[in-house]
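Peer 1: Sequence first, then the predicted structure, then my questions.
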Amino acid sequence: MLRALAVDDEQPSLEELLYLLDADPRIAGVEGAGDATAALRRISRALDSGPGGPDAIDVVFLDIHMPGLDGLEMARLLTGFARPPLVVFVTAHEDFAVRAFDLKAVDYVLKPVRTERLAEAVRRAAALRGTAPPIPVHEPDPDHISVELGGVTRFVPVDDITHVEARGDYARLHTAGQGSHLVRIPLSTLEERWRSRGFVRIHRRHLVSLGHITELRLAAGSVSVLVGPVELQVSRRHARELRDLLMRRTAG
């Protein structure tokens, strides 16, 4: 069972979050704080009582935009604690996801908060704290990948993805006509998962769908490909393999 602290400067949002967390059977108790300073005082008191003490906080559900100390700054301060609680960001802004996960956030939940999405964040926290068995998360089917946009989970067809760009432990999926989406999956994982679907590594930062390559360009010893309107550089390491794959694809 987890003991949680919800932090949000907007009272209606805080009350809703407290209500949803209190209804989750994996939450043993939940408290609220209206700003980061009050939250830090509460967490410090919990740490003073020692691990497993009556005041312990296992996980913090943290808003980002707050007056004074914001959520990202608070999370950064928590990384300096000897026994910091887990952090789940709950925010209306999707622009800070990469920075949030760089701070070792367990999850990044977008407002308006959906019950099933918050339950998934609680599941992840419980698994990390050892209070629940880890449950592997599977994609709904091999033809789609789930992405979150504005608090809504969408299932993007893999065939619509033109190329993928590495962003550390994350990847940005670029699609034909559906924009781009940031997912918390390393490029190497997607490379292995989608190799049989015609995706090939052309650079340490890029994975490309062979079916979406419209041109192969050679100029002054460098190689690049055109994927829709985007030109991507091909590293020397991957150039020969790519040319061979494209030749076999054309011949077939």
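Peer 2: Yep, that arrived.
Peer 1: which element is the residue lying closest to Ser222 once chain neighbours are set aside on?
Peer 2: Closest residue in space to Ser222, ignoring its immediate chain neighbours: Gln233 at 7.0 Å, by CB to CB, 6 or more residues apart in numbering. Backbone N, C-alpha and C define where each C-beta goes, glycine included. In the assignment (DSSP states H and E), Gln233 maps to strand 230-234.
Peer 1: now the helices for the stretch 1-150 of the chain?
Peer 2: Defined through DSSP state H, counting those that start in this stretch, the helices belonging to the stretch 1-150 of the chain, from first to last, are 11-22, 36-48, 71-78, 97-102, 115-129.
Peer 1: circling back: pull out the buried residues from the strand holding Gln233.
Peer 2: Under the neighbour-count criterion of 16 or more other CB atoms under 10 Å, strand 230-234 has 232, 234 buried.
Peer 1: Partner strands of that strand and their direction?
Peer 2: Take DSSP bridges as the rule and strand 230-234 pairs in its sheet with strand 222-227 (antiparallel).
Peer 1: So Gly221 versus Asp244, what's the distance?
Peer 2: Summarising the geometry, the distance separating Gly221 from Asp244, computed by CB to CB, to the nearest Å, is 18 Å.
Peer 1: List the contacts of the residue most central in space within the chain.
Peer 2: Closest residue to the average C-alpha location of the chain: Arg184 at 3.7 Å, with CA atoms, centre = their mean. For Arg184, the contacting residues are 97, 101, 169-170, by CB atoms under 8 Å, 6 or more residues apart in numbering.
Peer 1: What distance do you get for it to Pro67?
Peer 2: Plainly put, Arg184 is 29 Å away from Pro67 if you go by CB to CB.
Peer 1: can you tell me the distance between the two ends of stretch 13-32?
Peer 2: Its first and final residues considered, stretch 13-32 spans 11 Å by CA to CA, to the nearest Å.
Peer 1: got the CA positions of the strand holding Gln233 in PDB?
Peer 2: Included here for strand 230-234 are C-alpha records, laid out as PDB according to Å, rounded to 0.1, in the frame of the first residue of the first chain:
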ATOM      1  CA  VAL A 230      12.300  15.800 -44.700                       C
ATOM      2  CA  GLU A 231      15.900  15.000 -45.700                       C
ATOM      3  CA  LEU A 232      17.800  12.800 -43.200                       C
ATOM      4  CA  GLN A 233      21.500  12.100 -43.200                       C
ATOM      5  CA  VAL A 234      22.700   8.500 -43.400                       C
END
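Peer 1: Show me how the protein divides into domains.
Peer 2: 2-129, 160-251 (automatic domain parsing).
Peer 1: Out of these, flag the one nearest Glu148.
Peer 2: Relative to Glu148, the nearest member of the domains of the chain by CB to CB is domain 2-129, separated by 6.4 Å.
Peer 1: what's the average pLDDT for the closest one?
Peer 2: Looking at domain 2-129 alone, the average pLDDT works out to 90.
Peer 1: With stretch 208-215 instead?
Peer 2: Across stretch 208-215, pLDDT averages out at 93.
Peer 1: Just checking the distance from that stretch to the centre of its chain.
Peer 2: Its chain's C-alpha centre and that of stretch 208-215 lie 26 Å apart, by CA atoms, centre = their mean, to the nearest Å.
Peer 1: Show me which residues of it are buried.
Peer 2: The neighbour-count criterion (16+ other CB under 10 Å) identifies 208-210, 212-213 as the buried residues of stretch 208-215.
Peer 1: Could you tell me the end-to-end distance of it?
Peer 2: Start-to-end span of stretch 208-215 (CA to CA) is 13 Å.
Peer 1: which residues touch Leu17?
Peer 2: Leu17 makes contact with 6, 8, 32, 61, 90, 113, 118, according to CB under 8 Å, 6+ apart.
Peer 1: one step back: columns distance to Thr153 on top of the domains of the chain, output as TSV?
Peer 2: Output for these, formatted as TSV (distance: least, CB to CB, whole Å):
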stretch	distance to Thr153
domain 2-129	7
domain 160-251	11
